[in-house]
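Asks: Sequence and predicted model, in that order:
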Amino acid sequence: MDLKLDLTSKAVLNKAFSKNVKGYDAMEVDAFLDQVLSDYRSFEAILSERDVYIADLETLVKKHRDQISLMEIENAKYRKRLENIKDEGKVSLQNVEYLRRIDILEKELYRIGIDPSKLK
């Protein structure tokens, strides 16, 4: 929202009203106060919009912080899991070799007529 103000703080401070028989001219004072009121309403509207905008940003920041926390927890879990994989690279290759040998032995058992799943 564009801020369109009729008055500045200096204009308010230095405002001089003309005097008449009963004191200051009431119409002149009323017109000036109408300008002040208009500016205050503009300020209030801008402040209200700003407050809503700040609240929206704070909600968004909280949401992103919560997501970051969840991702850090998940990242820690994956680091823990991957930590063990580094040391077990050799074991994994051994497991593959064992599976190949088991496959060969099962094929041989099937060839001679024995079902390996029924062995105890």
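Replies: Thanks, I have it. Residues are numbered from 1 along each chain as shown.
Asks: Which helix runs longest in this structure?
Replies: helix 26-87 (DSSP state H).
Asks: so where's the chain uncertain?
Replies: 1-3, 5, 8-9, 13, 84-91, 120 (pLDDT under 70).
Asks: Show me it divided up by domain.
Replies: The record's domain parsing of the chain by automatic domain parsing lists 1-75, 88-120.
Asks: if I read this right, D39 contacts L7, doesn't it?
Replies: Yes: counting by Cβ atoms under 8 Å, D39 does reach L7; the two are 5.5 Å apart. Every C-beta, even on glycine, is put in place using the N, C-alpha and C of the backbone.
Asks: Where does K4 sit: helix, strand or coil?
Replies: At K4 the chain is in coil, as set by DSSP: H, G, I helix; E, B strand; the rest coil.
Asks: Against L37, how distant is the residue nearest in space to the middle of the chain?
Replies: By Cα atoms, centre = their mean, the chain has its centre lying nearest to H64, at 2.7 Å. Distance of H64 to L37, computed by Cβ to Cβ, to the nearest Å: 41 Å.
Asks: How about D115?
Replies: 96 Å.
Asks: Could you look up the SS state of R101?
Replies: On the three-state scheme (three-state DSSP), R101 is labelled helix.
Asks: in stretch 55-68, what's buried?
Replies: Neighbour counts over stretch 55-68 (16 or more other Cβ atoms under 10 Å) mark no residue as buried.
Asks: for stretch 21-32, same thing?
Replies: In stretch 21-32, counting by 16+ other Cβ under 10 Å, buried: F32.
Asks: Could you work out the end-to-end span of that stretch for me?
Replies: 20 Å (Cα to Cα, to the nearest Å).
Asks: Give me the distance between E97 and I104.
Replies: 11 Å.
Asks: Next: Y110.
Replies: Counting by Cβ to Cβ - Y110 and I104 are separated by 11 Å.
Asks: now do L93
Replies: On the measure of Cβ to Cβ, L93 and I104 end up 17 Å apart.
Asks: Many thanks, we can stop here.
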